[in-house]
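Peer 1: pasting the sequence and the predicted model now:
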Amino acid sequence: LTPPSSKPLDISDAFIAKLSSDGSQTLFRTILGGSAGNQILDIAIGADGSIHAAGTTSSPDFPVTAGLFDGPSSKGFYARFDSQGTLVFATFTGGPGDTSGDGIAADSAGAAYVTGRRGTPALGGYVTKLNAAGVVTFTNTAIGGNHIALDAQGNIYVSGTLLPPALVPTTPGAYQTAAPLPLCANASRNLPCFHQYVSKLDPTGKQLLYSTFVAGNQEEGPTALAVDAQGNAYLAGSTTSPDYPVTPGAYQPFSLAGPLPAPAVAV
């Protein structure tokens with residue numbers, strides 16, 4: 001790893017820190033990086049206390065493990081640490097070209113599921129499963145995103161945004177099978193909209209069980225994804241759409257950032 005003194009102050013290293021249960025001390029802190037910028041964007045804790053991390057690096061000397069998948073232009077990475085914070089292995093993810101490692105989940109067998117984007121700007125996503133030894137068992141480049149979660153049956157859920165939205169596969173009968181608008185027209189630009197979606201894959205990563213947009217006529221971006229014991233997906237994020245779809249009786253049925261609904265007129 002590059003000593004901090006040899007790196008410009010505006011270039012970051014990734015780090016992981018573990019705090020004690022009462023918050024009184026750090027049990028370990030560790031740095032992961034190379035000679036350029038490095039970020040960990042998501043972590044998950046395995047059943048054995050291992051730490052699974054996904055991120056993005058621009059370091060040509062990022063410490064990938066010999067014998068695992070790598071590529072000089074791959075930027076997304078997956079790193080596994082043991083419960084004491086020691087690096088077990090690291091590998092690039094997403095294939096050749098510019099990629100990102102945005103979200104990660106871990107199952108009870110020690111496998112990791114990484115998702116991210118491919119290309120700059122994002123021209124597609126990917127979902128990769130790596131077993132406990134860091135060997136890729138499948139990669140799906142038809143879908144991917146910023147966040148990933150698993151249910152009790154091992155089904156895989158991803159959420160994200162892609163440009164253009166036409167790259168997102170949707171399934172018949174889904175809540176919203178097409179993005180509302182291809183372009184976001186406003187005072188500053190007339191460019192493709194970032195529309196958010198949620199997709200569910202079977203445990204093999206091959207079958208798309210459902211995929212749907214959850215969007216209004218401007219833009220949305222997911223910032224978190226969770227799945228409950230019944231397999232219901234929970235999506236959180238932000239939107240600039242004044243018509244973002246809400247349900248009857250919702251706490252706030254309209255966006256305060258957009259035009260307010262017309263007042264009722266007495267007759």
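Peer 2: Arrived safely, thanks for sending.

Peer 1: can you give me the end-to-end distance of stretch 78-86?
Peer 2: End-to-end distance of stretch 78-86: 14 Å, with Cα to Cα, to the nearest Å as the criterion.

Peer 1: buried stuff in that stretch?
Peer 2: By neighbour count on 16 or more other Cβ atoms under 10 Å, the buried set for stretch 78-86 is Y78, A79, R80, F81. Backbone N, C-alpha and C define where each C-beta goes, glycine included.

Peer 1: kindly reformat these as TSV containing secondary structure and pLDDT.
Peer 2: Shown next, in TSV, are those (DSSP: H, G, I helix; E, B strand; the rest coil; pLDDT from 0 to 100):
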residue	secondary structure	pLDDT
Y78	strand	95
A79	strand	96
R80	strand	96
F81	strand	96
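
Peer 1: of all those residues, which comes closest to G101?
Peer 2: Nearest to G101 out of these is Y78 (Cβ to Cβ; 6.2 Å).

Peer 1: so the closest one bridges to which residues?
Peer 2: For Y78, the beta-bridge partners under DSSP bridges are A54, T91.

Peer 1: if I look at it, how far off is P169?
Peer 2: 24 Å (Cβ to Cβ, to the nearest Å).

Peer 1: for the buried residues of stretch 78-86, which one is nearest F89?
Peer 2: Relative to F89, the closest of the buried residues of stretch 78-86 is R80; by Cβ to Cβ it sits at 5.7 Å.

Peer 1: isn't the closest one up against G134?
Peer 2: Yes: under the criterion of Cβ atoms under 8 Å, R80 makes contact with G134 at 6.6 Å.

Peer 1: identify the contacts common to those two.
Peer 2: Residues touching both R80 and G134 (Cβ atoms under 8 Å, 6 or more residues apart in numbering) are V88, F89.

Peer 1: ok, now how distant is A224 from G49?
Peer 2: Taking Cβ to Cβ as the measure, A224 falls 23 Å from G49.

Peer 1: er, R80 I mean
Peer 2: For R80, the distance to G49 - Cβ to Cβ - is 12 Å.

Peer 1: so where is the stretch 1-150 of the chain shaky, pLDDT-wise?
Peer 2: In the prediction, the stretch 1-150 of the chain carries residues with pLDDT under 70 at positions 1-10, 69-74, 120-123.

Peer 1: before we move on, what SS does the closest residue in space to V168 that isn't next to it in sequence have?
Peer 2: Spatial nearest neighbour of V168, excluding adjacent residues (Cβ to Cβ, 6 or more residues apart in numbering): Y197 at 4.9 Å. The three-state label given to Y197 by DSSP: H, G, I helix; E, B strand; the rest coil is strand.

Peer 1: give me the number of residues near Y197?
Peer 2: Around Y197 there are 28 other residues, counting by other Cβ atoms under 10 Å.

Peer 1: how far away is it from P165?
Peer 2: Look at Y197 and P165: by Cβ to Cβ, they are 8 Å apart.

Peer 1: then I51?
Peer 2: Taking Cβ to Cβ as the measure, I51 falls 34 Å from P165.

Peer 1: can you check F77 too?
Peer 2: For F77, the distance to P165 (Cβ to Cβ) stands at 27 Å.

Peer 1: between the two, tell me which one has more neighbours.
Peer 2: Remark: of F77 and P165, F77 carries more neighbours, 31 against 21, as counted by other Cβ under 10 Å.

Peer 1: hmm, the more buried one is touching T99, no?
Peer 2: No: using Cβ under 8 Å, F77 is not in contact with T99; the gap is 9.0 Å.

Peer 1: what residues are shared contacts of the two?
Peer 2: Contacts common to F77 and T99, judged by Cβ under 8 Å, 6+ apart, are T56, F92, T93.

Peer 1: quick one, what contacts S12?
Peer 2: Here S12 is in contact with G33, G37, N38, Q39 (Cβ under 8 Å, 6+ apart).
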